[in-house]
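> just the structure for this:
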Amino acid sequence: MVTSVSARVSGTPHYRPPAVTGLTDLLDRQVRERPAAQALVATGDRLPLGYRDLAALADRLAQELVSAGLRRGDVVGLVSSNTVEFVVALLGAARAGLVTAPLNPAVTAAELDFRTRELGARAVLAAEHGVGWTVRVVLRPGGAATVGLRPGALAPGAPRGLAEDDALVLFTAGTMGRARTVPLTHGNVAASVRGICATYELGPGDATVAVMPFFHGHGLFATLLSTLATGGRVLLPACGRFSAETIWDDLRAAGATWFTAVPSLHEALLDRSETQDPGPHPPPLRFVRSCSAPLNAASQRALERVFRAPLLSAYGTTESTHQVSSEPLPERGQLRHGSVGRATGVRLRVVGPDGRVCPAGVRGEVWVQGPTVARGYLAEPAGTARGFTADGWLRTGDLGSLDEEGYLSLAGRIENLIARGGRTVSPEYVEDVLAGCPSVAEAAVFGVPDGDGQRVGAAVVVRGEESAGPEEILRYCRDRLAAFAVPDRLVLVPSLPRTAQGGLDRLALRERYA
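Numbers count the residues shown, from 1 in each chain. Modelled structure (predicted):
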């Protein structure tokens, strides 16, 4: 019986994760040992910025923030795409002792106002004029750089429920409703960075491209902070936004050794692989990472052929400061496509409805415990009580199972399960089967109300104009699914609703099609 699983802190005895304590000292070792090494490559002109210069910009901004009246422990919002302004503002705020709340730059003005008031933010730092306190970084050829701050009035907000060591406040994806607010300490940040770096043995020779947005944990911890903590290089795409059309150019320009993305972006790259390829000189990728949603095994194998590198599936949550588990590097352990690997710096267990730990291979709710787990939700005691135990376990709400060797396989969100005729259907499992149909580019499954129960519905995006119709797709499902799991309703759609992080927006899906 498997009661819990602990991960090794590093994949190999000779690798040492960075000895950081949080956001404040993230750059310190690199500034001492490799001050001229490139930390960022930014703007459409792909101008480099070294570690010493990045740290100097952060220190200068920290001084300006304090001079403008902000004090240690104050909360500031940060609204920016993946630009050098985001990086300098994040690190500068940390060095000034502030708590930073990265926010999606696409939010409406009303939503931005609501969230900042809810947080008690004293100011909003932004790369764009007209949003809040404007942060402007100018890079010049040859490495010269300047930073300027255009401050505004201080809001009278007062932070609620924050602790002295808090570094960040992140918002959950909100795929099934209102996003929750998660405070993360410098200790949470440091533990997350160490776990990610140890899993992939990141170092000064590594480089990556910022594909995922920094306002969410996936892009922030896996791409940005883990790379800077280990002396690597991050290329920030032109205008701060990733484009599938320029992926190979960006990877080559960065000299990328790895990158990470959500499955929907990987699938988009796979669809483009027939017309776009790396050419005769592909980037030297050690591995590619997929996280934040399930990636079906067939796509995983196809992507490995496109990238000419192993594709490692990982699992994380905002409440666990991103990464919980990952498939190991091939030289450090077995790859098990269809799983999300083993625990990375945390403990995992799978718990049944009766509160008992499930044996190996038996499904239940995935629980996580360790130094990356947040203490709860801000100003939400009832939600905290439901989601976090008194002894530090996070109830993720995800359905999964552990095998005898500690590999975790996920079966979807418990709240997404469809109750049909006394049986439960996992939407994610049906989606995985649908994704195997040659005509299907993407699929999303949802419950359709039917008296006291539900029927199974599916929204499907097909490939090309001559793809199979609904009946042919359903016939494919009948050959591979139990009768009760075959969709009763199947609608062809041009695209699926997505969250800002690229995940499937299941609330919007139900509202449109159920």
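
> wouldn't Thr43 be in contact with Ala238 here?
Yes - using CB atoms under 8 Å, Thr43 is in contact with Ala238, at 7.0 Å. For the C-beta atoms, the positions are set from N, CA and C on the backbone; glycine is no exception.

> how much space between Leu246 and Ala42?
No Leu there; residue 246 is Thr. With the distance defined as CB to CB, to the nearest Å, Thr246 ends up 15 Å from Ala42.

> looking at those two, which one has more neighbours?
Taking other CB atoms under 10 Å, Thr246 and Ala42 do not tie; Ala42 has more neighbours (25 against 14).

> what about stretch 269-280, average pLDDT?
Here stretch 269-280 scores 76 as its mean pLDDT.

> one more: stretch 492-510?
Taken as a whole, stretch 492-510 has a mean pLDDT of 84.

> chain center to that stretch, what's the gap?
Centre-to-centre, stretch 492-510 and its host chain are 17 Å apart (CA atoms, centre = their mean, to the nearest Å).

> now the end-to-end length of it.
This stretch, stretch 492-510, spans 15 Å end to end (CA to CA, to the nearest Å).

> what does stretch 163-182 give?
By CA to CA, the extent of stretch 163-182 from end to end equals 12 Å.

> so Glu128 makes contact with Thr134?
Yes - here Glu128 lies in contact with Thr134, judged by CB under 8 Å, at a distance of 7.4 Å.

> which helix in the protein runs the most residues?
helix 51-67 (DSSP state H).

> and the helix or strand that comes right after that helix, which strands flank it?
Downstream of helix 51-67, the next assigned helix or strand under DSSP states H and E is strand 75-79. Its sheet considered, strand 75-79 pairs with strand 99-103 (parallel), strand 123-126 (parallel) by DSSP bridges.

> which one of the ones you listed lies closest to Val306?
Checking the strands paired with strand 75-79 against Val306 by CB to CB gives strand 99-103 as the closest, at 31.0 Å.

> show residues contacting the following helix or strand past that closest one.
Later in the chain than strand 99-103, the nearest helix or strand by DSSP H and E is helix 109-119. Residues outside helix 109-119 that contact it (CB atoms under 8 Å, 6 or more residues apart in numbering): 75, 77, 79, 101, 103, 107, 124, 131, 155, 157, 159-160, 169, 171, 181, 378-379.

> try it again with 10 Å
75-77, 79, 99, 101, 103-105, 107-108, 121-124, 126, 130-132, 155, 157, 159-162, 169, 171, 179, 181, 183, 378-379 (CB atoms under 10 Å, 6 or more residues apart in numbering).

> same question for stretch 374-386.
Residues outside stretch 374-386 that contact it (CB under 10 Å, 6+ apart): 101, 118-120, 159-163, 166, 168-170, 172, 180-185, 188, 317-321, 387-388, 392, 394-395, 397.

> can you give me the buried ones in that stretch?
Across stretch 374-386, burial judged by 16 or more other CB atoms under 10 Å covers 374-378, 384.

> just the C-alphas of that stretch, formatted as PDB.
The C-alpha coordinates for stretch 374-386 follow below in PDB (Å, rounded to 0.1, in the frame of the first residue of the first chain):
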ATOM      1  CA  ALA A 374       0.400  28.100   0.700                       C
ATOM      2  CA  ARG A 375      -1.200  28.700   4.100                       C
ATOM      3  CA  GLY A 376      -4.700  29.200   2.500                       C
ATOM      4  CA  TYR A 377      -6.700  31.800   0.600                       C
ATOM      5  CA  LEU A 378      -6.800  35.500   1.500                       C
ATOM      6  CA  ALA A 379      -9.900  36.700   3.400                       C
ATOM      7  CA  GLU A 380     -11.600  33.400   2.700                       C
ATOM      8  CA  PRO A 381     -11.700  31.300   5.900                       C
ATOM      9  CA  ALA A 382     -14.400  28.900   4.700                       C
ATOM     10  CA  GLY A 383     -12.500  28.100   1.500                       C
ATOM     11  CA  THR A 384      -9.300  27.700   3.400                       C
ATOM     12  CA  ALA A 385     -10.900  25.300   5.800                       C
ATOM     13  CA  ARG A 386     -12.200  23.200   2.900                       C
END
